[in-house]
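Peer 1: What follows is a predicted protein model with its sequence.
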Amino acid sequence: MWKTFLRILLSRLRKENNNAQVFKRIEICIKCPYNSINAEKISKKQKFLIRLSNFYSFMTGKKGKDNKGNCLACEACSIYYKAREKEEQCPKNKWNEYGK
């Protein structure tokens, strides 16, 4: 969980990457059943991590941009930020050629 916490924190501090790869990743995630927006059930741990993620987005002034949901396949990382991290990959291999 600490690794996830650190990843959430650091992703808010990096310069934003807005290339075509990022937008394609987000497009895939928006339709994904593992997106918190599309989920029927969310665990207490995932709810906590989503709230933590939302708090950091609020504190960094990016809450308005971070509205794509959270990835429940990887413990609830913000899709907005996860898609921008070059090293990140979809835990369900949905990004394939849009990975690293």
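Peer 2: Cool, the structure landed.
Peer 1: How about the contacts made by the nearest residue to residue 72 once chain neighbours are set aside?
Peer 2: The shortest distance from residue 72 to any residue other than its chain neighbours is 4.8 Å, reached at residue 34 (C-beta to C-beta, 6 or more residues apart in numbering). All C-beta atoms are positioned from the backbone trio N, CA, C, and that covers glycine. The neighbours of residue 34, taking C-beta atoms under 8 Å, 6 or more residues apart in numbering as the test, are 71-73, 92.
Peer 1: Now do the contacts for the closest residue to residue 91 other than its chain neighbours.
Peer 2: Taking C-beta to C-beta, 6+ apart, and ignoring the residues beside it in sequence, residue 91 has residue 73 as its nearest neighbour in space, at 4.3 Å. Counting by C-beta under 8 Å, 6+ apart, residue 73 makes contact with 32, 34, 90-92.
Peer 1: Pretty sure residue 73 sits in a helix.
Peer 2: Yes. With the criterion set as DSSP: H, G, I helix; E, B strand; the rest coil, the secondary structure at residue 73 is a helix.
Peer 1: how about JSON lines for the contacts of residue 34, with distance to residue 79 and pLDDT added?
Peer 2: Below are these laid out as JSON lines (distance: C-beta to C-beta, whole Å; pLDDT from 0 to 100):
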{"residue": "71", "distance to residue 79": "6", "pLDDT": "94"}
{"residue": "72", "distance to residue 79": "10", "pLDDT": "95"}
{"residue": "73", "distance to residue 79": "11", "pLDDT": "93"}
{"residue": "92", "distance to residue 79": "13", "pLDDT": "94"}
